[in-house]
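A.B. asks: Make a model of this:
(one chain, ligands or ions: 1)
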Amino acid sequence: MVTVRAPATSANLGSGFDVFGAALSRPADVVTVERADRTTIEVTGVGAQYIPEDPEGNTVGAVVEALDAPAHIHIDKGVRPASGLGSSAASAAGAAVALNRLYDRGYSREELVPIAAEGEAVVSGVAHSDNVAPSILGGFTVTTTDGTHSVDARVPLVVCLPDVAVSTRDARRVVPETASMDDLVETVGNAATLAIGMCRSDPALVGAGMSDPVVTPERARLITGYDAVHDAALAAGATGVTVSGAGPAVVAACRQGNRQRIAAAMLDAFAEADIDARAYQTRIG
Ligand code: HSE
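C.D. replies: Residues are numbered from 1 along each chain as shown. All right, here's what the predicted structure looks like:
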């Protein structure tokens, strides 16, 4: 039997749409696997009632196929589905790491990223790796068609999760098909700033680099109260704020010692908009 803790993740980080990802110190899924002749899946924890246990429809089914590793799989969800915190990716990543160990398949962590991404495709329709990569590798990750690069960044964050669901499929429909040259230049500048900030674990640069003129403004419209939450976090001292993944979670980069104040401000702003929410004081790691 093998048990693996698979962290939640925040993809995109504003300027890095479908490229950047970060592992969060909390919340996390816990995946336990045991050898079996036939695969069965049991799901417990947050939002378990929304997750299919049929291997055909579950994110880990494709991972089992890819590794030829039938097993009894127990997923204890700490990461709520449809949250923007890489819920399906955490389960797929945890299963990939656990099954690789259980069956001694010998894949490196980097090689497991595209295998876990196949599981993502079952849920979102696209085998994007910007959530599975940080869940498997930890830290800050940059995923391109050539592979994944990671750096062991340490940056405090607040993630505020409103009590509404946004599906990744819906949130991908509002992504603009084109961007102007001005927006492209701004985005590249911000993304490069953020990447340097991660290499230095510098919250000011990370926050500044989260700004994104193309995708985030469209997705923010799907989140009631987003503008107020964004402004409240900045007023409380956040260095940058953006939509986490496809939303509805909102992520704020923070300086050390400031997370509690920022979390309270974000929760108040959601409450003003009549939205229940919970805040995680977390960090990249
Ligand atoms: N990069 C993906 C998106 C992540 O933003 O659609 C989804 O969690």
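A.B. asks: residues in contact with stretch 101-121?
C.D. replies: For stretch 101-121, contacts defined as Cβ atoms under 8 Å, 6 or more residues apart in numbering pick out 1-2, 4, 33-35, 59-63, 65-69, 71, 88-89, 91-93, 95-97, 99-100, 126-129, 131-133, 135-137, 143, 147-148. Every C-beta, even on glycine, is put in place using the N, C-alpha and C of the backbone.
A.B. asks: do stretch 183-200 and the ligand meet?
C.D. replies: No - with Cβ under 6 Å from any ligand atom as the measure, stretch 183-200 is seen stopping short of the ligand, the closest distance being 13.5 Å.
A.B. asks: Please look at residue 262 and residue 158 and confirm they touch.
C.D. replies: Yes - with contact defined as Cβ atoms under 8 Å, residue 262 counts as touching residue 158 (4.8 Å).
A.B. asks: what do those two both touch?
C.D. replies: Shared contacts of residue 262 and residue 158, defined by Cβ under 8 Å, 6+ apart, comprise 233, 238, 252, 254.
A.B. asks: what's the closest non-adjacent residue to the third one?
C.D. replies: Excluding the flanking residues, the one nearest residue 252 by Cβ to Cβ, 6 or more residues apart in numbering is residue 238, at 3.9 Å.
A.B. asks: now the last one
C.D. replies: Excluding its sequence neighbours, the residue lying closest to residue 254 (Cβ to Cβ, 6+ apart) is residue 156, at 4.4 Å.
A.B. asks: What values do phi and psi take at the one you found?
C.D. replies: Main-chain dihedrals, residue 156, degrees, to the nearest 10: phi -70, psi 140.
A.B. asks: What residues are bridge-paired with it?
C.D. replies: Beta-bridge pairing for residue 156 (DSSP bridges): residue 283.
A.B. asks: Make sure it is actually in contact with residue 256.
C.D. replies: Yes - using Cβ under 8 Å, residue 156 is in contact with residue 256, at 5.8 Å.
A.B. asks: Those two: who's more crowded?
C.D. replies: residue 156 (23 against 10; other Cβ atoms under 10 Å).
A.B. asks: where are the low-confidence patches of the stretch 101-250 of the chain?
C.D. replies: Applying pLDDT under 70 to the stretch 101-250 of the chain flags residues 124-125.
A.B. asks: Make sure residue 143 is indeed in a strand.
C.D. replies: Yes - read with DSSP: H, G, I helix; E, B strand; the rest coil, residue 143 is one of the residues of a strand.
A.B. asks: Chain neighbours aside, what residue packs nearest to it?
C.D. replies: residue 129 (4.5 Å).
A.B. asks: how many neighbours does that neighbour have?
C.D. replies: Using other Cβ under 10 Å, the number of residues around residue 129 comes to 27.
A.B. asks: Next, show the common contact partners of residue 156 and residue 256.
C.D. replies: Both residue 156 and residue 256 are in contact with residue 203, where contact means Cβ under 8 Å, 6+ apart.
A.B. asks: and the ligand, which of the contacts of stretch 101-121 contact it?
C.D. replies: For the ligand, the contacts drawn from the contacts of stretch 101-121 by Cβ under 6 Å from any ligand atom are 128, 131.
A.B. asks: Restrict the contacts of stretch 101-121 to the buried ones and give me that as a PyMOL selection.
C.D. replies: PyMOL command restricting those to the buried ones, with burial defined by 16 or more other Cβ atoms under 10 Å:
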select buried, resi 2+4+33+59+60+61+62+63+65+66+67+69+71+88+89+91+92+93+95+96+97+99+100+128+129+131+132+133+135+136+137+143+148
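A.B. asks: List, one by one, the residues from the stretch 101-250 of the chain near the ligand.
C.D. replies: 128, 130, 131, 168, 171, 172, 245, 246.
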